[in-house]
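*Asks:* What follows is a predicted structure for the sequence shown.
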Amino acid sequence: MPVLSTISHEKNELSHFRVDYLTLNVRSFNNSSIDSSAKGRLFNSTTIDSSSMAVDDISNSPNEKFLLILGKPGGGKGTISKKILKDFPDTEHISTGDILRQHVRNKTELGKEAKAYMDRGDLVPDEVMISLVLEDSMTAIKSGKHILLDGFPRTIEQAVALDENIDVEVVVDLNIPTDTIVERIADRWIHPASGRVYNYSYNPPLHHGKDDESGEDLVQRDDDKPETVRKRLDAYDKVTSPLIQYYEKKGVLKTFSGTMSDKIYPEVEKWLKDMGLN
Ligand code: AP5
Ligand code: MG
């Protein structure tokens, strides 16, 4: 059974990493052992020696669901996720954007390199994202909760890697008009440490410019500049939107259209209950 064990550093070997990675079985992991510094180095060169790691079976119970939330940048994935967590508290939220922004704030090697991609509105390379997400998903699966993945997959390659390892059972697809998104993003403020999101017209903070829980300053995201937002929307149309069909064919996706998260959410909640989430 292939497992992830050590990371060695040889130039231009990301493709080896990918091939090994796609054969991993998340449910067989005993130990998710890529440390942050090693992950940072994945940008440059990585192979994985899959020969020497001990394995335990950590199969998911049939009651725990693995969910994805898909949608355009600024389409309300974080906002709807927060509502899902409130109503289905036995759920763990994994947001790839939040994880990357935390690396950027902590100035890890991964964060330094990811920042360049993010600030340009480009996607971070698949190899890095697959490693990051599967590691966090493995840890989350062990917690015995439902998992709600936000921001991954964003390419067919990421979707295939996920499929090789995890049964995705429910995909919420948010379909929000682009004009609405551009307006909202201009008004978005976040609390960097927690990822909490505010919007002065929709969900304003209790005190102007301050996070409700910590009282710390709110900031605007570096990638929320109008030209970067356009590039992110473009990347979504070209690279990510084919995933809608990919999951539709598997019969696990439902699209929710509209402009108001508060109107969309009750429909999402009902569907999640119909799909057996509790
Ligand atoms: P990520 O952080 O995932 O950004 P995104 O997908 O572009 O989505 P956002 O977080 O911007 O928006 P959202 O859909 O969560 O909307 P929100 O709820 O905040 O990724 C950032 C970057 O990281 C990427 O560009 C890429 O470089 C990299 N990355 C991440 N994952 C990757 C991957 N898998 N592969 C490669 N690269 C990856 O809502 C938006 C605003 O609208 C908020 O202000 C909110 O308050 C407001 N709002 C919500 N609902 C309403 C409403 N009903 N009325 C008014 N305002 C509303
Ligand atoms: Mg988000």
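*Replies:* Nice, thanks for sending it over. Residues are numbered from 1 along each chain as shown. Ligands and ions are numbered 1, 2, ... in the order given.

*Asks:* Strands along the protein, start to end?
*Replies:* Remark: strands assigned in the chain by DSSP state E are 6-8, 47-49, 66-71, 91-95, 146-150, 170-175, 188-191, 196-199, 253-257.

*Asks:* Can you pull the phi/psi pair for the spatially closest residue to Gly276 that is not a sequence neighbour?
*Replies:* Setting aside the residues directly before and after it, Gly276 is nearest to Lys65 in space (Cβ to Cβ, 6 or more residues apart in numbering), at 6.9 Å. To be clear about C-beta, it is placed using only N, CA and C from the backbone, and glycine gets the same treatment. Dihedral angles of Lys65 (phi, psi; degrees, to the nearest 10) stand at phi -110, psi 150.

*Asks:* circling back to that earlier point, possible to save the strands of the chain as TSV with mean neighbour count, mean pLDDT and distance to Pro242?
*Replies:* Conversion of these to TSV gives the following (neighbours: other Cβ atoms under 10 Å; pLDDT from 0 to 100; distance: least, Cβ to Cβ, whole Å):
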stretch	mean neighbour count	mean pLDDT	distance to Pro242
strand 6-8	16	26	31
strand 47-49	18	31	28
strand 66-71	24	97	11
strand 91-95	19	94	22
strand 146-150	24	95	18
strand 170-175	20	97	12
strand 188-191	20	94	26
strand 196-199	18	94	27
strand 253-257	16	97	12
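
*Asks:* Lys238 is nearest to which of the ones you listed?
*Replies:* Nearest to Lys238, of all the strands of the chain, is strand 66-71, at 14.9 Å by Cβ to Cβ.

*Asks:* is any part of that closest one close to ligand 1?
*Replies:* Yes: Strand 66-71 lies within reach of ligand 1 by Cβ under 6 Å from any ligand atom, at Gly71.

*Asks:* Please identify the pairing partners of that strand and their relative orientation?
*Replies:* strand 146-150 (parallel), strand 170-175 (parallel) (DSSP bridges).

*Asks:* can I get these in a markdown table with distance to Ile156?
*Replies:* Shown next, in a markdown table, are the strands paired with strand 66-71 (distance: least, Cβ to Cβ, whole Å):
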| stretch | distance to Ile156 |
| --- | --- |
| strand 146-150 | 16 |
| strand 170-175 | 14 |
